[in-house]
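**Q** Structure, please.
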Amino acid sequence: DSDDEVAEAGGGGGDGPVLQTQKVTHHGAVNRVRCMPQAPAVVASWGDTGVVQVWDLAPQLQQLMALTADANTGGASAAGSGGGKAGDPQRV
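**A** Next up, the predicted model:
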């Protein structure tokens, strides 16, 4: 019972999964997202505005890989672990 109370209170041993995220500013709701198998960092999004936007998310993916490496090794990588933005996605 005490373990359940600790988990509900947000505490605990940190044995659960860690979710790393990078945000992309998208105007309106996103209806669909597709990526290119040949270039997985190139992503197209279709929004409720009816506009399809194509993004190069390479900086965000590199930041996620660096954060994941940091989490797996328990230290800071050369890419940094400051939690800052990796830069704005580039529309292509």
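
**Q** how about the strands in the protein?
**A** Assigned by DSSP state E, the strands in the chain fall at 30-35, 42-47, 52-56, 90-91.

**Q** Just put those strands in TSV and tack on mean neighbour count.
**A** Placement of C-beta: from N, CA and C, glycine included. TSV is the format used below for the strands of the chain (neighbours: other C-beta atoms under 10 Å):
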stretch	mean neighbour count
strand 30-35	12
strand 42-47	16
strand 52-56	16
strand 90-91	10
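
**Q** Dump the ones you listed to CSV, plus distance to residue 20.
**A** Shown next, in CSV, are those (distance: least, C-beta to C-beta, whole Å):
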stretch, distance to residue 20
strand 30-35, 18
strand 42-47, 17
strand 52-56, 18
strand 90-91, 21
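
**Q** will you turn these into a markdown table that also has mean pLDDT and distance to residue 15?
**A** Shown next, in a markdown table, are the strands of the chain (pLDDT from 0 to 100; distance: least, C-beta to C-beta, whole Å):
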| stretch | mean pLDDT | distance to residue 15 |
| --- | --- | --- |
| strand 30-35 | 92 | 31 |
| strand 42-47 | 92 | 32 |
| strand 52-56 | 92 | 35 |
| strand 90-91 | 62 | 38 |
